[in-house]
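Q: Sequence plus predicted model, see below.
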Amino acid sequence: MPTVISALLILLGGLYLATVFKKAETKLMKSLGVGGIKMLSSAIFYLITFFVSITALN
């Protein structure tokens, strides 16, 4: 049971950090005037989410 709880905590913490990183990246890209902000930030969000999910399942 403690393993399940730690996996959930890892998953929730990772999702929170991915969301914070996505917002910060979007702000940075907007200030630099880079195009394709939404697509790039979403791709990085899902990549981080993927790695966090794999880590939590391990």
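A: Nice, I can see it.

Q: State which helix of this structure is the longest.
A: What stands out as the longest helix in the chain, according to DSSP state H, is helix 2-32.

Q: Which positions within that helix qualify as buried?
A: Of all the residues in helix 2-32, those buried under the rule 16 or more other C-beta atoms under 10 Å are 10, 11, 14, 15, 18, 22, 26, 29. Glycine gets a C-beta too; all of them are placed from N, C-alpha and C.

Q: Need these in TSV (columns: pLDDT).
A: Rendered in TSV, the data for the buried residues of helix 2-32 read as follows (pLDDT from 0 to 100):
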residue	pLDDT
10	89
11	89
14	90
15	91
18	90
22	89
26	88
29	86
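
Q: what two of those residues are the furthest from one another?
A: 10 and 29 (27.8 Å; C-beta to C-beta).

Q: returning to what we had before: closest one to residue 37 out of the buried residues of helix 2-32, please.
A: The closest of these to residue 37 turns out to be residue 29 (C-beta to C-beta; 4.4 Å).

Q: Tell me how far the most centrally placed residue in the chain lies from residue 2.
A: By C-alpha atoms, centre = their mean, the mean C-alpha position of the chain lies nearest to residue 18, the distance being 2.1 Å. Distance, residue 18 to residue 2, by C-beta to C-beta, to the nearest Å: 24 Å.
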